[in-house]
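# I need the structure of the sequence given here:
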Amino acid sequence: MNNYTSGEEIFFDDHELIVSMTDKKGYIIYANDVFCKVAGYEHSEVIGQPHNFIRHPDMPRSVFKLLWDRVLAGKSIYAFVKNRAKNGNYYWVKAFVTPIIENGEIVKIASYRRPISQFIKEEISKVYSALIEHEKYNKLEDSFQFFLDYLAERGITYDLFIDRLSMNKSISNVGVMNIDFDQFYIDHVIFKHNIIYAAKEKKWSTEVVKPCCCRFGVSLKQLDSMPFTAHPSWGKVHQYHNEVHSLMQEYLEKASQDAASNVLNEILDKVENDTKLLFSNLHNAIDTYR
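A predicted model of the protein is given here:
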């Protein structure tokens with residue numbers, strides 16, 4: 001089998017499933033018609049071949065180490081794989097690889113592969129390029145650890161890495177999963193009641209308008225560097241947050257003028273409404289990247 005590669009991509013339909021089976025050493029013992037059609041081989045050309053004969057050189061060895069370590073431990077695994085066809089063209093798949101176990105022993109390994117989205121191809125290519133570059137100058141074990149460290153730095157496991165990309169969610173934004181909406185809401189409620197208390201105590205000089213006057217405002221400042229802030233709803237988050245501060249400033253001023261309770265309550269009603277809109281837009285912005 002030759003190692004020629006081209007820059008042309010092969011596509012196959014979503015309803016098509018590439019299926020192959022190998023013995024536990026990775027030699028092909030079965031390949032379905034879709035496998036042969038997409039890869040461009042006759043059945044007779046693939047049976048008995050090591051499965052990695054269709055591996056594209058853009059695939060990191062460390063990914064396959066993870067795959068084989070898990071499969072030979074008797075566990076299933078998903079992986080995004082770039083394969084090379086006979087004519088040098090390439091095709092991307094999401095592979096589900098699972099050991100077939102009989103009497104406690106692995107007797108063969110099955111692989112089922114489907115096409116993946118353009119988003120996944122773009123995201124996974126960035127990761128694989130970094131791994132390939134690392135593998136040029138390091139031992140396989142070191143590159144494998146580099147891959148595990150890469151995931152750990154983002155606070156995700158390999159399986160979560162696969163799941164997020166499968167849902168077309170970027171792994172660079174995985175930190176949003178740790179955002180505590182409840183705490184954000186509580187922080188904002190505390191801010192409101194602090195101002196109400198300041199009015200009751202006639203502390204008219206209390207600072208209200210600056211976003212840093214509440215813990216929620218500080219949190220917003222910290223989140224401004226996150227990629228999800230490009231979402232249109234993020235601008236509205238700041239808009240309604242600023243409006244809430246302005247309304248609480250108005251509340252403090254009206255209270256200093258001995259305004260009637262119905263006037264003050266009307267302001268608080270507006271604050272409540274704007275707070276709901278604030279958090280609705282916050283969810284819209286962040287949930288896009290969860």
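# from memory residue 66 sits against residue 77, does it?
Yes. In this structure, residue 66 is within contact of residue 77 by CB atoms under 8 Å, at 7.5 Å. C-betas here are computed from N, CA, C, even on glycine.
# Report the buried residues of the least confident helix or strand in the chain by mean pLDDT.
One helix or strand of the chain scores below all others by mean pLDDT, DSSP states H and E: helix 215-223, with a mean of 79. By 16 or more other CB atoms under 10 Å, the buried positions in helix 215-223 come out as 216, 217, 219, 220, 223.
# Equivalent analysis for stretch 198-206, please.
Per 16+ other CB under 10 Å, stretch 198-206 contains these buried residues: 198, 199, 206.
# cool, stretch 274-289 as well?
In stretch 274-289, counting by 16+ other CB under 10 Å, buried: 274, 275, 278, 279, 281, 282, 284, 285, 286, 288, 289.
# how close does the closest residue to residue 164 other than its chain neighbours get to residue 9?
Leaving aside its chain neighbours, residue 164 sits nearest to residue 171 (5.5 Å; criterion: CB to CB, 6 or more residues apart in numbering). Counting by CB to CB, to the nearest Å, the gap from residue 171 to residue 9 is 23 Å.
# The two: who's more crowded?
The neighbour count for residue 171 versus residue 9, taken as other CB atoms under 10 Å, is higher for residue 171 (19 against 12).
# quick one: that one from residue 266, how far?
Counting by CB to CB - residue 171 and residue 266 are separated by 46 Å.
# residue ranges of the strands in the stretch 1-150 of the chain, please?
18-22, 28-31, 77-84, 90-102, 105-114 (DSSP state E, counting those that start in this stretch).
# Give me the three-state assignment for residue 165.
helix (DSSP: H, G, I helix; E, B strand; the rest coil).
# give me the number of residues near it?
22.
# Equivalent analysis for residue 139, please.
Counted with other CB under 10 Å, residue 139 comes out at 9.
# ditto for residue 245
A total of 22 residues lie near residue 245 under the criterion other CB under 10 Å.
# Isn't it up against residue 207?
No. Assessed by CB under 8 Å, residue 245 is found out of contact with residue 207, at 9.9 Å.
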